[in-house]
Structures are given as C-alpha cells and as structure tokens.
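Enquirer: Give me a model of this one.
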Amino acid sequence: MASGMTKDKRSEKLIARRMRGLRMPRAPSNEVPDKASDVTLTRLIFTLPPLVILVAGSLL
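Expert: Predicted coordinates for the structure are as follows:
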C-alpha cells in the first residue's frame, strides 16, 4: 500500500512538472517581450468569456 502511495505522489509530481513546462516554456532573454505579449493574450482569452457572459446577462 505504501509503495502505491509513493507511486501516486511521484506521478503527481511528474504531471505537475510537465504542466509547468507547458505553461512556462523556457525562452531566451531576447524573447521576453514576446512572452509578455503572449501572457496578455492568454489573459484576454481568459477574461473575455466572463465579460461576454456578464454583458449578455445584463442585456437579458
């Protein structure tokens, strides 16, 4: 049972590490502004749907 628990924890750590790698790919220092624009773009993508829902709700 203990070995199963450690295996789960290990896989969780691996998954977290992979997710972190996907979220924040290591970029050279000269690509920092590009990265910043990507971050603002993702922020827009994540903040737009709730805003659209709010506007639609206020119209209805």
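
Enquirer: Residue 39 in helix, strand or coil?
Expert: helix (DSSP: H, G, I helix; E, B strand; the rest coil).

Enquirer: in which helix or strand would I find residue 51?
Expert: helix 32-59 (DSSP states H and E).

Enquirer: tell me which residues of that helix are tucked away?
Expert: Buried positions in helix 32-59, judged by neighbour count with 16 or more other Cβ atoms under 10 Å: none. Quick note: C-beta positions are derived from backbone N, CA and C, even for glycine.

Enquirer: Got the confidence number for residue 3?
Expert: The per-residue pLDDT reported for residue 3 equals 53.

Enquirer: The one 4 residues further on too?
Expert: The predicted local confidence for residue 7 comes out at a pLDDT of 67.

Enquirer: any idea how far residue 52 is from residue 58?
Expert: 11 Å (Cβ to Cβ, to the nearest Å).

Enquirer: go on, residue 11?
Expert: 37 Å.

Enquirer: Check residue 60 too.
Expert: 12 Å.

Enquirer: Kind regards, and thank you for your time.
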